[in-house]
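Peer 1: Got a sequence here, can you build the structure:
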Amino acid sequence: MNSLNVKDNTELLKLIKTYADEGDRDHRNYEKLMKKIDIYIVKEPNVILDMINLLKKYQLYDLIYRIFLLSIKYKCSIVAKKIVEIKNDEINDLFDFRIFEKHADSMNFFISSDIISSNYVNNLNQNFLMIAIENNYYDKIDKTKLLDEIDINHLDFRGRNLLYYYIDHSMDITELINKNIDLNCKDKQGYFPYTYAVFKNKTELFKDVAFDEKEDMDKTFEDGSNMAIIAALNNDIKLLEKIEKLGINLNVVTKSNNSGIDIAIAKDNIKMLEIFLNHTTFSDLDRLKELIDDLKYYDKEQIFYDMLENRYNELYYHPDGPGYKEVFTHFNSIVNN
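Peer 2: Numbering: from 1, shown residues only. Model prediction:
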């Protein structure tokens with residue numbers, strides 16, 4: 001069968017132009033177009049190659065992405081390569097985890113069809129290596145070559161660079177460190193690489209990295225929390241004690257008005273409550289009083305009430321506390337009378 005050109009297929013050309021008309025996104029036209037594409041991608045892939053150029057002209061990147069998914073489905077590497085070569089942010093931004101969620105064998109297809117060669121990787125919006133790690137295909141890829149060719153500080157849709165993926169999968173980060181990956185990259189959740197490793201309990205990956213642990217641990221996240229709050233939320237007393245030894249602020253209140261004390265009470269963790277109470281100051285007296293009053297309405301053990309009240313009294317009647325002056329004034333008035 002001789003290959004056709006899109007221009008030779010009047011119906012196909014008309015469908016594309018109709019779909020491209022401003023404001024015309026008729027679902028029926030879309031379905032007709034996709035049925036045509038579905039046929040040609042198998043029987044006449046050269047027609048699809050010409051069609052891609054036409055779709056680029058009309059900036060129909062959503063359709064190009066749909067064709068790309070079909071090229072994976074039917075293992076049509078000639079079409080897939082053509083699309084991957086497109087140097088355009090709008091199409092490159094579509095290359096993310098959705099590709100591999102839809103087709104379980106798509107990573108095998110990428111590898112076997114050589115789509116990940118150096119000619120194409122840089123046009124995959126840097127996401128390919130991240131995707132390979134996430135799908136456990138990293139050992140099948142020449143990582144050294146890829147790391148030399150891509151921007152290792154490229155951020156994914158969560159604001160994370162490659163370092164976060166290495167942490168997730170307990171991979172040796174030495175090569176990334178040697179290539180000066182950004183250790184101060186902050187993702188959309190507010191995590192920095194090291195604090196993320198702490199959260200994932202994988203700090204051993206940083207054992208050979210020279211940096212100030214206290215400085216890196218003492219960062220505040222978007223919600224106003226810090227690693228002390230993260231440790232509390234994870235019921236991690238060991239980490240909390242480490243944070244305490246580093247001298248990191250334990251007296252933190254998040255934007256949602258939660259403190260380590262609130263979390264300790266909610267988790268019924270006496271040891272955690274003790275640690276956080278030890279770091280309360282005179283400025284916390286009103287908050288402690290509120291917590292004591294609130295405990296009356298919750299089914300908590302008496303020890304939680306006693307611990308809060310004892311700490312409140314310690315601060316209130318401390319020589320520098322407001323209660324001490326009241327008692328002293330009252331005592332003097334009795335003596336003078």
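
Peer 1: Now do the contacts for Leu147.
Peer 2: For Leu147, the contact set (CB atoms under 8 Å, 6 or more residues apart in numbering) comprises Leu129, Glu175, Leu176, Lys179. From N, CA and C alone the C-beta is placed, and that goes for glycine too.

Peer 1: shaky segments in this structure?
Peer 2: For the chain, the stretches flagged by pLDDT under 70 are 1-8, 22-27, 87-128, 135, 137-138, 140-142, 210-213, 216, 327-337.

Peer 1: for it, longest helix please?
Peer 2: In the chain, assigned by DSSP state H, the helix with the most residues is helix 27-43.

Peer 1: From the contact counts, what lies against that helix?
Peer 2: The contact analysis (3 or more CB pairs under 8 Å, 6 or more residues apart in numbering; DSSP states H and E) places helix 27-43 against helix 10-20, helix 45-57, helix 61-73.

Peer 1: Just put these in a markdown table and tack on distance to Ile270 and mean neighbour count.
Peer 2: Listed next are these as a markdown table, based on distance: least, CB to CB, whole Å; neighbours: other CB atoms under 10 Å:
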| stretch | distance to Ile270 | mean neighbour count |
| --- | --- | --- |
| helix 10-20 | 66 | 15 |
| helix 45-57 | 64 | 19 |
| helix 61-73 | 54 | 20 |
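
Peer 1: I'd like to know which of these is closest to Lys200.
Peer 2: helix 61-73 (31.2 Å; CB to CB).

Peer 1: Measure how the helix or strand following the closest one sits relative to helix 27-43, angle-wise.
Peer 2: Later in the chain than helix 61-73, the nearest helix or strand by DSSP states H and E is helix 77-84. Calculated by axes from the mean of the first three to the mean of the last three CA atoms, to 10 degrees, helix 77-84 forms an angle of 130 degrees with helix 27-43.

Peer 1: so how far is Asn201 from Lys289?
Peer 2: To Asn201, Lys289 is 36 Å away according to CB to CB, to the nearest Å.

Peer 1: In the stretch 101-250 of the chain, what residue spans correspond to helices?
Peer 2: 106-112, 118-121, 127-134, 143-149, 162-168, 174-178, 193-199, 213-217, 227-233, 237-245 (DSSP state H, counting those that start in this stretch).

Peer 1: Which neighbouring elements make contact with the fifth one?
Peer 2: Counting by 3+ CB pairs under 8 Å, 6+ apart, the packing neighbours recorded for helix 162-168 are helix 127-134, helix 174-178, helix 193-199.

Peer 1: just how off-centre is the shortest one within its chain?
Peer 2: This points to helix 174-178. Offset of helix 174-178 from its chain centre (CA atoms, centre = their mean, to the nearest Å): 21 Å.

Peer 1: Send me that helix as PDB with only the CA atoms.
Peer 2: Listed next in PDB are the C-alpha coordinates belonging to helix 174-178 (Å, rounded to 0.1, in the frame of the first residue of the first chain):
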ATOM      1  CA  THR A 174      27.000  10.800  45.900                       C
ATOM      2  CA  GLU A 175      26.900  11.400  42.100                       C
ATOM      3  CA  LEU A 176      24.200  14.000  42.400                       C
ATOM      4  CA  ILE A 177      26.100  15.800  45.200                       C
ATOM      5  CA  ASN A 178      29.300  15.800  43.000                       C
END
